[in-house]
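**Student:** Coordinates for the following, if possible.
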Amino acid sequence: MASPQMRLKILPGVRCLFDKPVQVKVEGLAPHKRVQLTSRLVDDRGATFKASALFKADDTGLVDIGRAPSLGGSYTGVEPMGLFWAMAPETPHSKLLKKSVLSPTVVEIEALCGETGEVLASEANERGYMTEGMRRVPVREGRIRGVLFVPPGKGTFPGIVDLYTFGGRLTEPRASLLANKGFVVLALAYIDYKDLPKKPQKLDLEYFEEAVTFLRKRPEVGGPGIGIISISHSGGVALAMSSFLPGISATVCINGCSANVVIPLHYRDTVLPPLQPVMENVKVTDSGILNVRDALPDPYSEKNRASLIPIERASCRFLFAASEDDRNWNSVLFAERAAAALRGHGREHVEVVTYPGAGHFLEVPHTPHCPSGFHAAVGAEVEFGGEPKAHAEAQLDLWERVQEFFKSHLDGEGA
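**Tutor:** Below you'll find the predicted structure:
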């Protein structure tokens, strides 16, 4: 049995920002005792995510998961944040949802007796999104809908527009956590949010131009240009913004497509038709969901070039991140072809980073991996790919790269 002094500790404290690592320890166990640690969270949709790992206490009765290997469960080996990134949904094809960043994501951790399953100790880790003094400002300015995050402190900060996925409506976690690093971030909705159309017939790039102008005019934002961070469908939007709009200095495109997809994109007299999928290339997996990775045809073939975003017009710096096991589409091919197009026109300020074993949704660090889920454009459940450990490592690496990229290429007193 555990000693009366047995405790489960989360260090440096039970409260932290979502992207920060913590240390999980169990003290006061009998020497060499087997103990199972479990983690559990319930997201804003009510979906439950869980992980577990089996450990053996050392000679002093201590389990430190930053040093002790997991002997089995959701992961094996030494993984200090394994109980977080290895969480999987109880209901298949669920993606972690966080609607409001005003409240933390609470991860409950329990230590159970390895033999009987008796709960020996428990603690909760409150993983927040906003530092003290940060302002969250709902934006309803002209046509623009979104939320602005302003870091604490005086002076000006670099500005960033944060675009999420086609079915993401408005997603605040990445924007708020990025603002903690010293940026003013506008989480910009563009579909199915407030009074924005649920099924638009076209995307109007002038809407995004209004957002860029709005952000650049904010007194908290320094110049001369702003940044864009995007993922999935919004990657194409970000490339179009960079190609057509002034005032963009640095663009991050995560697992995006170098052509316009889903619906027509309009800017003044220019119309980019969507790249049409080849339905014969859609496969049904053994589990009954779809694999759409090869559904899109080559956008660089002559018959599809009208859908290509004229990225050679862009003058900003680019960071392309592409997952090698992305099954939403061939992100690596799109990133490499876009970079080649830029370099072919003398634009050398482009970086491409690829991640073996990672899937489509590269989120902020320690976010549970989403290997499959509902695809808003397809209207069905699809594979998104990836292996949990490789995906977690990719998220960690990319988060640091994104911060360094923006700090290097966006000027501002707060950078």
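
**Student:** Show me which residues of stretch 22-33 are buried.
**Tutor:** By neighbour count on 16 or more other Cβ atoms under 10 Å, the buried set for stretch 22-33 is 22, 24, 25, 26, 27, 28, 29, 33. The C-beta positions use only the backbone N, C-alpha and C, and glycine is treated the same way.

**Student:** just checking, the fourth one touches residue 111?
**Tutor:** Okay, so that is residue 26. Yes: using Cβ atoms under 8 Å, residue 26 and residue 111 qualify as a contacting pair, with a distance of 4.9 Å.

**Student:** Need the buried residues of stretch 22-33 in CSV (columns: secondary structure).
**Tutor:** Putting the buried residues of stretch 22-33 into CSV (DSSP: H, G, I helix; E, B strand; the rest coil) gives the following:
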residue, secondary structure
22, coil
24, strand
25, strand
26, strand
27, strand
28, coil
29, coil
33, coil
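
**Student:** ok, those residues vs residue 82, which is closest?
**Tutor:** Nearest to residue 82 among the buried residues of stretch 22-33: residue 24, at 9.4 Å, using Cβ to Cβ.

**Student:** Now do the contacts for the nearest residue to that closest one once chain neighbours are set aside.
**Tutor:** Once flanking residues are discounted, residue 24 sits nearest to residue 65: 4.8 Å by Cβ to Cβ, 6 or more residues apart in numbering. The contact partners of residue 65, by Cβ atoms under 8 Å, 6 or more residues apart in numbering, come to 23, 24, 25, 37, 53, 55, 78, 79, 80, 82, 83.

**Student:** Dig out what the fourth one forms beta bridges with.
**Tutor:** Just to be clear, that refers to residue 37. Note on residue 37: beta-bridge partners by DSSP bridges are residue 53, residue 111.

**Student:** What subset of the contacts of residue 65 is buried?
**Tutor:** Buried by 16+ other Cβ under 10 Å: 24, 25, 37, 53, 55, 79, 82, 83, out of the contacts of residue 65.

**Student:** correct me, but the second one touches residue 11?
**Tutor:** Yes: with contact defined as Cβ under 8 Å, residue 25 counts as touching residue 11 (6.9 Å).

**Student:** Low-confidence stretches in the chain?
**Tutor:** Along the chain, the parts satisfying pLDDT under 70 run over 1-4, 167-168, 411-415.

**Student:** Name the helix or strand for the residue nearest to the spatial centre of the chain, please.
**Tutor:** Residue closest to the mean C-alpha point of the chain, counted by Cα atoms, centre = their mean, is residue 363 at 2.0 Å. Counting by DSSP states H and E, no helix or strand carries residue 363.

**Student:** all strands of the stretch 251-400 of the chain, in order?
**Tutor:** 265-267, 270-272, 283-284, 290-291, 317-323, 350-355, 372-375, 380-383 (DSSP state E, counting those that start in this stretch).

**Student:** got a list of what residue 173 touches?
**Tutor:** For residue 173, the contact set (Cβ under 8 Å, 6+ apart) comprises 18, 98, 101, 129, 363, 364.

**Student:** Determine which two of these are furthest apart.
**Tutor:** Farthest-apart pair in those is 101 and 363; separation 13.7 Å (Cβ to Cβ).

**Student:** still on that earlier bit, need the buried ones among the contacts of residue 65 in a markdown table (columns: distance to residue 297).
**Tutor:** Converted to a markdown table, the buried ones among the contacts of residue 65 look like this (distance: Cβ to Cβ, whole Å):
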| residue | distance to residue 297 |
| --- | --- |
| 24 | 48 |
| 25 | 53 |
| 37 | 47 |
| 53 | 44 |
| 55 | 50 |
| 79 | 40 |
| 82 | 40 |
| 83 | 42 |
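
**Student:** what's the residue nearest to residue 158 when sequence neighbours are not counted in contact with, if anything?
**Tutor:** Spatial nearest neighbour of residue 158, chain neighbours left out: residue 410 (3.5 Å); criterion: Cβ to Cβ, 6+ apart. If you count contacts by Cβ under 8 Å, 6+ apart, residue 410 has them with 158, 159, 160, 183, 225, 226, 227, 249, 250.

**Student:** check contacts around the fifth one.
**Tutor:** Right, the one you point to is residue 225. Taking Cβ under 8 Å, 6+ apart, one finds 216, 247, 248, 249, 250, 316, 410 in contact with residue 225.

**Student:** for the chain, longest helix please?
**Tutor:** Identified as the longest helix of the chain according to DSSP state H is helix 388-409.

**Student:** Would you check how far apart the residue nearest to residue 158 and residue 205 are?
**Tutor:** 22 Å (Cβ to Cβ, to the nearest Å).

**Student:** just to revisit the earlier point, mutual contacts of residue 26 and residue 111, please.
**Tutor:** Both residue 26 and residue 111 are in contact with 6, 8, 35, 37, 63, 120, 121, where contact means Cβ under 8 Å, 6+ apart.

**Student:** what's the farthest-apart pair in those?
**Tutor:** 6 and 37 (13.1 Å).

**Student:** Overlap in contacts, those two.
**Tutor:** Residues within reach of residue 6 and of residue 37 at once, by Cβ under 8 Å, 6+ apart, are 26, 111.

**Student:** Looking at the buried residues of stretch 22-33, spot the one nearest residue 376.
**Tutor:** The closest of the buried residues of stretch 22-33, once distances to residue 376 are taken by Cβ to Cβ, is residue 22, at 33.2 Å.

**Student:** Enumerate every residue touching residue 365.
**Tutor:** Residue 365 makes contacts with 19, 21, 81, 85, 392, 395, 396, 399, as judged by Cβ under 8 Å, 6+ apart.

**Student:** Around the third one, how many other residues sit close by?
**Tutor:** As a burial measure, residue 81 scores 18 neighbours (other Cβ atoms under 10 Å).

**Student:** All set, thanks.
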